[in-house]
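> Fold the following.
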Amino acid sequence: MNGIKCWNTANNSQSCSFTMTSTACVSTFECMESGLTYNNLKNNTSARNPLYTKVLGQSFDVDVIALLSSGAQSSGYNSSLKVDLVTDSSNTCSNNIIVTKDVSFTASDGGRKKVTFSATDVTRAYPNLRCQVRDTSQNKSGCSSDNFAIRPQSLSITNSNTVQSASPTATATPTFRAGANTSPNADKFSLTAASGEQGYNGTPKIANALLQAHPGAPAVGMVTGMFAAGNAGASTGGNFAYSEVGHFKILPQGLYDDTFTAVDISKGDCNNNFDNAGDGSPKKYGCLFGNTTDTNYFGRFKPSSLRVDASAVTLACGNFVYYGQDTTPTSAAPGIITPFTITALNSSNATTQNYTGDYARMALNDYTVYHFSASPANGTTLSQSAASPAITKIADNTTPVWSNGTTNVRVRHKLSRPSTAVNQQNVVISAELRDSDNVSSAITALNGGGSPFRYGRLAVIPAHGSELLALPVPIEAQYYKDGFYVRSQGDACTTIDSRSIVMKNYKGNLTACETFLNGTYTANNGLVNALLAAPKVGSDGRPNVGSVDLEVNLGDAVSGEVTCQSNASPVSAINGGRDWFGTTDPVGRASFGIYKAPIIYMRENFQ
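Now for the predicted structure:
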C-alpha cells in the first residue's frame, strides 16, 4: 500500500517531524555611536542615541540597531542591509547618498552590529549628515535619530595679496596702510583659507590673541575683516585690515572655524578644543579646527598718516626775528626754532607703536623730509640753520629717534633776507611731513598765527667828544617800516664783536690805535654803544684830536682791514657774522676835539 511519506533531506532519512522558527518583525533601524547604550526613544523621548563629530581622513564606527515597532531592539534579526551616510534634510535623511556599506546581520548579532567606515570612504567634509539603513528584501528602512558633522582636519592660508615671507623686512613691498577695515583710509588685503578638500563651506575666523608681530616689534596689532562662506573647500575675504605697522603672522589655531560642527556643538557631541586624535571611548573629537603651524608673515603695513603737534617756538630776538638771522661763529642763536612732536597713526587715529627702528621710514635728521614752508614768502627761502646739529630732540642736542610710534624734534631754521625791503609781518612756518613710504602729515603751522619778521639794517651814528674822555659811538639796529628805517625796539639780541669793527681813514692828529675798541657790545632796546678809548695827549704833548671812521663788518672781512683792540699795533678785523643786516657794511665817523662836546656843562659834587 503506497501512502504519503516524509523525507528529511538534511540527513537523507524518512521523518515527518520538522521545526518552525519565528522572528519578530523589524519595523525600523537606528544608527548610533558604537559602544554606547541604546535608548528606546519611544519610551523615553528625552533620551538620545548620539552620533559624534568625525574627522575627515580617519576611520570611524557606528552601530546599526534593528528595532521592533515598540522601539525595542530586535534580538534575532538576520538579513542583508545597506548602510548609507546621507545629507540631512529638514531633520531627516535625504536622498543624497554619500557612501554606502553592505552589512549582513545574523541572529547571533542580537539585532546590533558595528559598521566601520574607512579613512577613504568619505572624501570631503560635511557639516550635517545622518545614517540611513535599508533592508531592501523586506522594504524596511530607518534614519538615525541624530545628525553629525565630518569636519576637516585643519585650515591653512593658501593665498594673500600681501607678501608672505618667513623673514620679513622693513622694506618689503607692496605696502598697506594700517587701520581698521571700517575706515576708508585703511588699505584692505585679502586672505584665502582652505581645508585641503572640496567639501568645506564654513566661515573661518582669525583669533587676534594668536597673532605675532615681526621680531623686535613692541606691539601686536589686530586684524579686522571677515571671510566669506566657503565654497569647494576654500573661503576668501577681501576686506581685511591690520592695525599696526610692519608684519604679522598667525600662530597655530589663530585661523579657526568654530561653527562648522554646529549640529554637534549644541548637543555636546564634540569637545571645545582642536583635538584631532579623539578622547575617550567612543572617541570625541574637538569641535574646532584651524591652522596647525605658524603661517608666514603678512605685510608690509605702514601708518595711514603722521600727526604733528607743535610747541612754543623760540625766536632769536625773543619777540621777533630778522630775515636772514642765523647761527654764525659769533652768534649762537638760530633765527627760529620750532619744536614739535610727531606721531605715526593708523586709519583709526591710533598710534602705530611698531613705527620704530627700521620700520620708521622717516629720517628725522633729514631737513628735506619735513617739507617746511614759510608764508608769506616775500621772495625768501626757508632753509636749515647753520647750527650743528640743526635737528635734535627737544630735551637735548642728541639725535632724535622714533620710539613706539612717536618722537619729538627741535628744528632750527633760517628765513633768508628778501631782495627788497618789506614791512614787518607775521610769517607762518609750516611742515608737511612725508616718509619714504609716502606716508604724510597734514600741512601744520608750527608757530600758530605766525612770528614777526623784520627787514633789518645797522646804522653807525656819528659821534664826537673830548679827546680826554672815552667816546660812546651809537650803533643802531633798525628795521624797515612804511618806507623808512626806525630803531628796532625790543632788540636785546644783537651783539657786535669789537674785532669786527674796522677802524680806518684817520684824520687830524689822530693815528692808528691812539684810540681803540675792546670787548663785545650788546643791544639795549635796539641800541648798541661801542666805546672808543680816550686818545688823550700824544707823546709830543699835542692833543690827539681828529677822527676815525668805524665800519661794522656784516660779513667777511676784506683783506687789509684792521682794527685796534689796544693802544698797540692794529690787528686784522674779523667776520662780523651779521649778514641779516644786509650786505652793505655801515660806516660812521667818530671825532675827538674837533667839535664841542655834546655836554654844555657837567658838574660833579663830592660829599
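
> could you show me where the helices are in the protein, in order?
Secondary structure of the chain, counting by DSSP state H: helices at 262-265.

> And the longest strand seen in it, what does it pack against?
What stands out as the longest strand in the chain, according to DSSP state E, is strand 92-104. Helices and strands touching strand 92-104, by 3 or more CB pairs under 8 Å, 6 or more residues apart in numbering; DSSP states H and E, are strand 80-89, strand 112-117, strand 126-135. Placement of C-beta: from N, CA and C, glycine included.

> Mind listing what's buried along that strand?
Buried residues in strand 92-104, counted by 16 or more other CB atoms under 10 Å: 93, 98, 101, 103.

> same thing with stretch 527-539?
527-528, 530-535.

> mind putting those in TSV, distance to residue 199 and pLDDT included?
Formatted as TSV, the buried residues of stretch 527-539 follow (distance: CB to CB, whole Å; pLDDT from 0 to 100):
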residue	distance to residue 199	pLDDT
527	93	98
528	92	97
530	97	97
531	100	97
532	103	97
533	105	97
534	110	97
535	111	96
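
> and which of the buried residues of strand 92-104 is nearest residue 473?
residue 98 (109.4 Å; CB to CB).

> tell me the contacts of that closest one?
Contacts for residue 98 (CB atoms under 8 Å, 6 or more residues apart in numbering) come out as 84-87, 122, 126, 129.

> can you tell me which residues contact residue 234?
158, 192-195, 200.

> which one is residue 381 nearest to, not counting chain neighbours?
residue 416 (4.4 Å; CB to CB, 6 or more residues apart in numbering).

> Check residue 476 too.
Residue 476's closest residue in space is residue 459 (CB to CB, 6+ apart), at 4.8 Å.

> how near is the one you found to residue 268?
97 Å (CB to CB, to the nearest Å).

> Which one of those two is surrounded by more residues?
Set side by side, residue 459 and residue 268 show more neighbours around residue 459, with 16 against 13, by other CB atoms under 10 Å.

> show me the contacts for that one.
475-476, 478, 485, 586, 588.

> Quick check: the gap between it and residue 528.
10 Å.

> Show me whatever sits in contact with both of these two.
475-476.

> shaky segments in the stretch 501-607 of the chain?
The stretch 501-607 of the chain contains residues with pLDDT under 70 at 595-607.

> Show me the strands in it, by range?
501-508, 520-522, 527-532, 546-552, 562-563, 571-572, 587-592 (DSSP state E, counting those that start in this stretch).

> Of those strands, which is nearest residue 464?
Judging those by CB to CB, what sits closest to residue 464 is strand 587-592, at 4.3 Å.

> Residue 127: neighbouring residues, count only.
21.

> For the contacts of residue 98, which two are the farthest from each other?
The largest separation in the contacts of residue 98, counting by CB to CB, is between 84 and 126 at 12.8 Å.

> Can you give the domain ranges for this protein?
The chain resolves into domains spanning 28-44+51-151, 156-302, 306-454, 456-592 when parsed by automatic domain parsing.

> first vs last residue of the last one, how far apart are they?
With CA to CA, to the nearest Å as the measure, the ends of domain 456-592 fall 30 Å from one another.

> re earlier: save the contacts of residue 98 as a markdown table, and put in distance to residue 468 and pLDDT too.
Shown next, in a markdown table, are the contacts of residue 98 (distance: CB to CB, whole Å; pLDDT from 0 to 100):
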| residue | distance to residue 468 | pLDDT |
| --- | --- | --- |
| 84 | 131 | 98 |
| 85 | 125 | 98 |
| 86 | 127 | 98 |
| 87 | 122 | 98 |
| 122 | 121 | 98 |
| 126 | 118 | 98 |
| 129 | 122 | 98 |
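
> Redo the helices and strands packed on strand 92-104 as CSV? Include distance to residue 551.
Below are these laid out as CSV (distance: least, CB to CB, whole Å):
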stretch, distance to residue 551
strand 80-89, 104
strand 112-117, 108
strand 126-135, 96
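
> what's the most buried one of these?
Highest mean neighbour count of the helices and strands packed on strand 92-104: strand 126-135, a mean of 22 (counted as mean count of other CB atoms under 10 Å).

> could you give the angle of that one to strand 112-117?
Angle, strand 126-135 to strand 112-117, by axes from the mean of the first three to the mean of the last three CA atoms, to 10 degrees: 130 degrees.

> So the residue nearest to residue 381 sits against residue 384, correct?
No - between residue 416 and residue 384 there is no contact under CB atoms under 8 Å: 11.8 Å.

> I'd like the average pLDDT over the longest strand of the chain.
For strand 92-104, the mean per-residue pLDDT is 97.

> contact partners of stretch 80-89?
29, 31, 62, 64, 93-105, 115, 117, 122, 126, 128-137, 147, 263.

> can you dump the C-alpha coordinates of stretch 211-230 into PDB?
What follows is stretch 211-230, C-alpha atoms only, in PDB (Å, rounded to 0.1, in the frame of the first residue of the first chain):
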ATOM      1  CA  LEU A 211      48.800  86.900  16.100                       C
ATOM      2  CA  GLN A 212      52.500  87.600  16.400                       C
ATOM      3  CA  ALA A 213      54.300  90.700  15.100                       C
ATOM      4  CA  HIS A 214      57.600  90.800  13.300                       C
ATOM      5  CA  PRO A 215      60.700  90.300  15.500                       C
ATOM      6  CA  GLY A 216      61.500  93.300  17.700                       C
ATOM      7  CA  ALA A 217      58.100  94.900  17.300                       C
ATOM      8  CA  PRO A 218      56.900  96.500  20.600                       C
ATOM      9  CA  ALA A 219      53.200  95.700  19.900                       C
ATOM     10  CA  VAL A 220      50.900  93.300  18.100                       C
ATOM     11  CA  GLY A 221      48.100  94.700  16.100                       C
ATOM     12  CA  MET A 222      44.600  93.500  15.400                       C
ATOM     13  CA  VAL A 223      43.200  92.000  12.200                       C
ATOM     14  CA  THR A 224      39.600  93.200  11.300                       C
ATOM     15  CA  GLY A 225      37.500  91.800   8.500                       C
ATOM     16  CA  MET A 226      35.600  88.700   7.700                       C
ATOM     17  CA  PHE A 227      35.900  85.600   5.500                       C
ATOM     18  CA  ALA A 228      33.000  84.800   3.200                       C
ATOM     19  CA  ALA A 229      31.300  81.400   3.400                       C
ATOM     20  CA  GLY A 230      33.500  78.700   2.000                       C
END
